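Visitor: Let me see the structure of the following:
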Amino acid sequence: MTDTAIQNRQHWENEEKKLDELVHRAMFPGGDKAIDKLRKQGKKPVRELIELLIDSGTRFYELSSIAGFGMDYPGVADVPCGGVVTGVGKINGNWTMIFANDSRVKAGTYFPITLKKHIRAQSIAEKNGLNCVYIADSGGAFLPMQADVFPDDQHFGTMFYNMARMSANGLKQITLSTGGNTAGGAYIVFMACQSVMIDQMSYSFLGGPPLVKMATGEVISAEDLGGARVHTHVSGGADHFCQSQDDAIERVREILCLEAPQKMNLHRYEERPPLVDPNSIYELLPSSTNQTMDGRAILKTIADDSYFIEYKEHYAPGRGDNILAGKIRIKGIPTGVIASNKIGVIFEEAARKAAEWIVRCSHEKIPLIFLQGSPGYMVGSDSEHNGIGKYGSDMVRSVSCAQVPRIQMVIGPDNGAANYGMCGRAYRPNFLFTTMRGRTSVMSGRSAGGVLLSIEERKRAVTGNLMTDEEKQAFFQKMADKYDGEAHPFFCGSRILNDRVLKFSEIRDWLAMALEVSLLKPIGEPKFGNVRF
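Guide: I've put the predicted structure just below:
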């Protein structure tokens, strides 16, 4: 192993330790004291409930685990994990989207980031055809921010709109209430296809006892107002009456036990491990995001048998090979791949090749993985005259119209229009993951610092107040730090600009899950509009 490889590995292992620390903070808000409080109420932490809910021996793929840090809402700096756990797991053999309010975080109330996370998980469920299970324990909207969570599209009402639409399309919406569900939170119970409540633990009402007293003068207990017995025996607002959380979990599994077994809408080969050690990716990826990388070597750490069937391998050397295109198998699932290579800058030849390959995979009805590490499309007169705008636009058009499942994995720079052509968030990939090496922003900190400094210098020159060298350096550094900070995986992950920040060692497993889930719906016929080949 070379000195560079050793340094790369040490760097990324240290970076992933920082990720572990942040995930731990997200999963244990309030520490042991908060867990002890739940135990005294006869409750289990939400992730323990999820482990009981999914099939024994299977894995829960938790999404957006570092959401909500550094949000600086009024009086609230952090919302660990966004206050809600979301992810996919198997129930009776079928992939299911699971939502669980974490009452340890502000009583499970919904902040803007909570809504964004909840609605993103619903979007994944709808796009991929997954039933949904809601473990509900929520005080509803976070009232000090009502203007930011209540009245608009993508606010509180959108959750229930989505539940209704998915149910109408045959995707089951099952709610298990494990605590108090007040106001908007109550609709998570009442909007479900079937809901389960627990005696002396679950409550659901549009207005709790304090509001009822203020509005009507009636004095009533939570149990008599909207307890499990009221809604399962009297109002009919819930369907199943249980005595404990364990009993309720089994009831949810029973409700879903006769669902039709899922099947993938694509052939699958026997799974074969990579011939190259998957963990060698730690040595292959440079510690600096600006250094060149060997895309072919990285694919060998991910693909079955480390086998990559490359498309147009010899096309336009030095320009066409900054993007790699071809096919691999991941745990037996065939998939098209478009991967950044070398410095990753996209020349017109690379853009043309990538657009062609997106269309070809769409016609073949195979999914696409975008391994993104590109700082952008090439600029300058030569590139403009050679059609970089046209061919870059063809990538954007193709990825917009591709009807096959699309997954983005960010392993490097993710800047400018390359974010678009490589299927960034705006292009609605089935799943979007990043790594600790990912940097998502309009441009790098260095580029932003230079551009903004030149603008500032011109503004100051007009007033005759020229910048000193010290002022120039300070301004440049301030802008560079701002842009680099906002590109960091922790900043992007906290705002749910990706679905999870992955360790390099997790890439293969998560891509396999994403492919399998994304292929549960039949793939439609290809349709492309204004593509100018």
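
Visitor: contacting residues around residue 265?
Guide: With contact set as CB atoms under 8 Å, 6 or more residues apart in numbering, residue 265 has these partners: 519, 520, 521, 522, 523. Using the backbone N, CA and C atoms, a C-beta is placed for each residue, glycine as well.

Visitor: Go ahead and confirm residue 77 touches residue 68.
Guide: No: the pair residue 77 / residue 68 is not scored as a contact, 10.0 Å apart, by CB atoms under 8 Å.

Visitor: if you count what's nearby, which of those two comes out ahead?
Guide: Set residue 77 next to residue 68 and count neighbours by other CB atoms under 10 Å: residue 68 wins out with 30 against 10.

Visitor: What sits closest to that one if chain neighbours are left out?
Guide: Of all residues not flanking residue 68 in the chain, residue 79 sits nearest, at 3.5 Å (CB to CB, 6 or more residues apart in numbering).

Visitor: Test my guess that residue 64 contacts residue 117.
Guide: Yes: look at residue 64 against residue 117 with CB under 8 Å: they come within range, at 5.2 Å.

Visitor: Quick check: neighbours shared by the two?
Guide: Listed as contacting both residue 64 and residue 117 by CB under 8 Å, 6+ apart are 82, 86, 496.

Visitor: Direction included, what does the longest strand along the chain pair up with?
Guide: Ranked by residue count under DSSP state E, the longest strand found in the chain is strand 406-415. According to DSSP bridges, strand 406-415 forms sheet pairs with strand 368-374 (parallel), strand 431-435 (parallel), strand 439-441 (parallel).

Visitor: Check which element follows the first one along the chain.
Guide: Towards the C-terminus, the helix or strand next in line after strand 368-374, according to DSSP states H and E, is helix 381-386.

Visitor: and stretch 350-365, which residues are buried?
Guide: For stretch 350-365, burial by neighbour count (16 or more other CB atoms under 10 Å) applies to 350-359, 361-362, 365.

Visitor: quick check, nearest of those to residue 198?
Guide: residue 365 (45.2 Å; CB to CB).

Visitor: mind listing what the closest one touches?
Guide: 266, 404, 523, 526.

Visitor: Looking at pLDDT only, which of those scores worst?
Guide: Scanning the contacts of residue 365 for pLDDT, the low point is residue 526. It has 94.

Visitor: And it, how close does it get to residue 238?
Guide: Distance, residue 526 to residue 238, by CB to CB, to the nearest Å: 45 Å.

Visitor: Neighbour count for those two, which is higher?
Guide: residue 238 (25 against 16).

Visitor: If we ignore the residues flanking it in sequence, what's nearest the more buried one?
Guide: Distances taken as CB to CB, 6+ apart place residue 231 nearest to residue 238, at 3.9 Å, with adjacent residues excluded.

Visitor: To what extent is that neighbour buried, counted in neighbours?
Guide: When neighbours are counted by other CB under 10 Å, residue 231 registers 24.

Visitor: swap in residue 191?
Guide: So residue 191, with other CB under 10 Å, has 18 neighbours.

Visitor: do you know how far it is from residue 262?
Guide: According to CB to CB, residue 191 and residue 262 sit 24 Å apart.

Visitor: One more: residue 190?
Guide: From residue 190 to residue 262 the distance is 28 Å (CB to CB).

Visitor: which residues sit against the helix or strand harbouring residue 223?
Guide: Residue 223 belongs to helix 222-226 when assigned by DSSP H and E. Applying CB under 8 Å, 6+ apart, the external contacts of helix 222-226 come out as 180, 186, 200, 203, 204, 205, 208, 209, 212, 229, 230.

Visitor: what residues are up against the first one?
Guide: Think residue 180. 107, 137, 138, 139, 202, 203, 204, 208, 222.

Visitor: any chance of those residues in CSV, plus neighbour count and pLDDT?
Guide: Supplementary listing: the contacts of residue 180 in CSV, determined by neighbours: other CB atoms under 10 Å; pLDDT from 0 to 100:
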residue, neighbour count, pLDDT
107, 18, 91
137, 28, 95
138, 30, 93
139, 21, 89
202, 31, 96
203, 27, 95
204, 29, 95
208, 20, 89
222, 15, 92
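
Visitor: and those residues, which of them are in strands?
Guide: Judged by DSSP E, those include 203, 204 as members of strands.

Visitor: With distance to residue 465 as added columns, please give the contacts of residue 180 in CSV.
Guide: What follows is the contacts of residue 180, written out as CSV (distance: CB to CB, whole Å):
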residue, distance to residue 465
107, 52
137, 58
138, 54
139, 53
202, 66
203, 64
204, 63
208, 59
222, 65
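
Visitor: Now do the helices in the stretch 201-350 of the chain.
Guide: 209-216, 222-226, 228-229, 245-255, 281-284, 295-302, 348-364 (DSSP state H, counting those that start in this stretch).

Visitor: So for residue 331, which of those helices sits nearest?
Guide: Among the helices of the stretch 201-350 of the chain, if distance is taken as CB to CB, the winner is helix 295-302, at 10.2 Å.

Visitor: hey, C-alpha coordinates of the closest one in CSV?
Guide: Taking C-alpha atoms only, helix 295-302 is exported to CSV below (Å, rounded to 0.1, in the frame of the first residue of the first chain):
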residue,chain,number,x,y,z
GLY,A,295,-13.8,5.9,-11.7
ARG,A,296,-13.1,2.4,-13.2
ALA,A,297,-11.3,1.3,-10.0
ILE,A,298,-14.1,2.6,-7.8
LEU,A,299,-16.7,0.7,-9.8
LYS,A,300,-14.7,-2.5,-9.3
THR,A,301,-15.2,-2.1,-5.5
ILE,A,302,-19.0,-2.0,-6.0
